[in-house]
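**Student:** Below: sequence and its predicted model.
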Amino acid sequence: MIRMSKETDYGILLLTYFARGAGESLLSARELAGETGVPLPMVSKILKTMARAGLLMSQRGAKGGYSLARRASDISLVDVLTATEGSLALTECIEQPGDCRQESTCRVRRNWELINERVLDALSEISIVEMSGPVLDHLISLESSGARNT
């Protein structure tokens, strides 16, 4: 099963709170934990991860907190996934070419590369702004990505 971590899931949730406020105000880890129900230690960890990745800026002090480092519409799901998960690869041979014994004769590796590219393209087209609003049916259309109905 392909599954993102709770940290990534919560990271997307937390960033949607910044997007709703147009990224103008500072939000503290405590405020976000209270609003989302995500435990404070996890919120703190995620905010630090997002700041290291350049998605958030932190401001220290009594009135400190975090704010978006760039416009929410310019932060994609791929940005968040990369910040929390590292490189995005559906199979090990995509992430670590040369490590598989079957690589030289593998008949499916190129297909996995293409699938991985499509997934990354789809996720890069979805911004935090879109995730923060109502469900939009047009976000992911298999028809527009060239997928075939079988």
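**Tutor:** Structure received. This is a predicted model, so every value here is computed, not measured.
**Student:** Residue 4 touches residue 82, doesn't it?
**Tutor:** No: if you go by CB atoms under 8 Å, residue 4 and residue 82 don't touch, sitting 11.4 Å apart. All C-beta atoms are positioned from the backbone trio N, CA, C, and that covers glycine.
**Student:** Strands along this protein, start to end?
**Tutor:** With DSSP state E, the ranges of strands along the chain come out as 56-59, 65-68.
**Student:** Averaged pLDDT, the last one. What do you get?
**Tutor:** Looking back up the chat, that one is strand 65-68. Taken as a whole, strand 65-68 has a mean pLDDT of 94.
**Student:** Kindly report the same for stretch 3-14.
**Tutor:** What stretch 3-14 shows for mean pLDDT is 94.
**Student:** how far does it sit from the chain's center?
**Tutor:** 7 Å (CA atoms, centre = their mean, to the nearest Å).
**Student:** try stretch 109-117
**Tutor:** So, by CA atoms, centre = their mean, the centroid of stretch 109-117 is 20 Å from its chain's centroid.
**Student:** next one: stretch 29-43
**Tutor:** Offset of stretch 29-43 from its chain centre (CA atoms, centre = their mean): 18 Å.
**Student:** Check stretch 56-67 too.
**Tutor:** Distance, stretch centre to chain centre, for stretch 56-67: 22 Å (CA atoms, centre = their mean).
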